[in-house]
Each structure stands twice: as structure tokens, then as C-alpha cells.
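> Quick check, what structure comes out for this input:
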Amino acid sequence: MKIVLLTVVAAVVLIGLAVVIMGVKALFVKGGKFPTGHAHDIPELKRRGIGCAHRHKEP
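Residues are numbered from 1 along each chain as shown. You can find the predicted model right below:
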């Protein structure tokens, strides 16, 4: 039982650490936000003509 608890705690800590590391700009910079993962927001994918499978409306 101890090994399962240790594994769960370690997983939660690692996931939390990963979120904090990826969100440094969003969490610690005024006006910062998480980077987008959508293909339509990535210049190189736009240049190659690759778009999102998810259809969205352009503003």
C-alpha cells in the first residue's frame, strides 16, 4: 500500500511541477497567458498550409 501511495504522490508532484514550468509566463508575468496549441496560431504551420481539424471562426 505504501508503494502505491508513494507512486500517486510522486505523479501528482511531477504533473504539478510540469504545469508550473509550462505556465511560468502565464502565472508570473502580468497579462501573460498560456501559449496556444492550435495549428492556426503557429506561423510555420500557416506557412505550410496546415490548419486545425477543429473549425473555428476567424474574428
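
> Model confidence at residue 14, what's the number?
Residue 14 carries a pLDDT value of 98.

> for residue 56, same thing?
pLDDT, residue 56: 57.

> Kindly report the same for residue 35.
Looking at residue 35, its pLDDT stands at 71.

> now swap in the one 4 residues further on and tell me
In the predicted model, residue 39 carries a pLDDT score of 77.

> likewise residue 17?
94.

> same question, residue 20
In this model, residue 20 carries a pLDDT of 85.

> how near is it to residue 46?
Note on residue 20: its distance to residue 46, by CB to CB, to the nearest Å, is 30 Å. Backbone N, C-alpha and C define where each C-beta goes, glycine included.

> Could you do residue 36 as well?
Distance from residue 36 to residue 46, by CB to CB: 12 Å.

> which of these two has more neighbours?
Ranked by neighbour count (other CB atoms under 10 Å), residue 36 and residue 46 place residue 46 first, with 12 against 9.

> Report how many residues lie close to the nearest residue to the more buried one once chain neighbours are set aside.
With sequence-adjacent residues excluded and distances taken as CB to CB, 6 or more residues apart in numbering, residue 46 is closest to residue 40, at 6.9 Å. Neighbourhood size, residue 40 [other CB under 10 Å]: 14.

> Next: residue 51.
Residues near residue 51, counting by other CB under 10 Å: 13.

> Thought residue 39 was touching it, still the case?
Yes: with contact defined as CB atoms under 8 Å, residue 51 reaches residue 39; the gap is 5.7 Å.

> Give me the common contacts of these two.
Residues touching both residue 51 and residue 39 by CB atoms under 8 Å, 6 or more residues apart in numbering: residue 45.
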